[in-house]
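Peer 1: Task: produce atomic coordinates for the following.
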Amino acid sequence: MPRPYWKGSISFGLVNVAVSLHPATRRLDLQFHLYHDADRGRIREKRVCERDGEEVPWQHIVKGYPVSKTQVVTLTPEELRAAEPERDRTIGIEEFVKLEEIDPLQIDQSYFLAPEGRSGKAYALLVEALARTGEVAIARIVLSTKQHLCMVRSVGGRLVLTTLVWADEVLAAPAVPKAEAGGKELQMAEQLVRSMSGHFRPDRFKDEHRQRVEALIKKKAKGQTIEVPPAAKPSRVVDLARALEQSLATANKRPSPPAARARTARARLRGTPRRARAWR
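Peer 2: Numbers count the residues shown, from 1 in each chain. A predicted model of the protein is given here:
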């Protein structure tokens, strides 16, 4: 297991649970660098002043914030430290709420919380209390020099901490034109949803684009030619009812998910006479 990202404690009431924070997710995106096409030399970015065109060394670079078109306020590292939150290494729980009360738009990054030292019993107590009440803890945590809003929840016998974006960081939704939804089209849409419903299994979904890019890199590394497909044609506007009918026809030809098959079997069983049901 990699080294913990953070160590501290969870505090609720007079109870303190020593914990360590471990990343729960990772990004597997391929990271490309920039190269000169003529000699494959690596391209490096330079810090250039837009006024004199000269490269500026780090010791002469300061942080600034434009308060108007003509005024920039610069702050030294020492001055910025005056605004840093207190690093008390504590996840201070402020309240407990139902998970469904949290807007998914606020969910940011997740971490595993592991017990430290002799806190195993207190850790297990909080895990079980959250599991039985169905609540999640809302708290604050300081990571590096930034304070985060977060939630702590019980998942599979362990605690998971998820940082949340602040309420004022969630953007207003764009205006949506009003439209009538009903009749035969709505019935077909509901039928399409039911025919495609099942249980979410994350391992069934792979990053196919990343896999294709990796295959291209391996192919070109072997000196093989990559055939570039023609550009995709813009999609045509089709009749909604006809599109739903075609989608239903396609969905009905596919194997049903286990959950859908079970629901279909139960529906058929409900429609079977009691005597025939007992015979089966």
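Peer 1: count of residues packed around residue 107?
Peer 2: 13 (other CB atoms under 10 Å). For the C-beta atoms, the positions are set from N, CA and C on the backbone; glycine is no exception.
Peer 1: Quick test: name the residue nearest the centre of the protein.
Peer 2: Nearest to the mean C-alpha position of the chain, by CA atoms, centre = their mean, lies residue 108 at 6.2 Å.
Peer 1: OK, contacts around that one?
Peer 2: 148, 162-165 (CB atoms under 8 Å, 6 or more residues apart in numbering).
Peer 1: change it to 7 Å
Peer 2: For residue 108, the contact set (CB atoms under 7 Å, 6 or more residues apart in numbering) comprises 162-165.
Peer 1: Buried among those residues? Make that a PyMOL selection.
Peer 2: The PyMOL command for the buried members of the contacts of residue 108 (criterion: 16 or more other CB atoms under 10 Å) is given here:
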select buried, resi 162+163+164
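Peer 1: What is the most widely separated pair among the contacts of residue 108?
Peer 2: Using CB to CB, the contacts of residue 108 span at most 10.8 Å, a distance reached by 162 and 165.
Peer 1: tell me the secondary structure for the nearest residue to the residue nearest to the centre of the chain once chain neighbours are set aside?
Peer 2: In space, and not counting its chain neighbours, residue 108 is closest to residue 163: 4.4 Å by CB to CB, 6 or more residues apart in numbering. When classified by DSSP: H, G, I helix; E, B strand; the rest coil, residue 163 comes out as strand.
Peer 1: Residue 94 falls within a strand, correct?
Peer 2: Yes - assessed by three-state DSSP, residue 94 belongs to a strand.
Peer 1: didn't residue 162 look like it was pressed against residue 151?
Peer 2: Yes - using CB atoms under 7 Å, residue 162 is in contact with residue 151, at 5.3 Å.
Peer 1: what's the overlap in contacts for these two?
Peer 2: Joint contacts of residue 162 and residue 151 (CB under 7 Å, 6+ apart) do not exist.
Peer 1: now the helices for this protein?
Peer 2: For the chain, the helices defined by DSSP state H cover 77-81, 120-133, 183-195, 208-221, 240-253, 258-270, 274-279.
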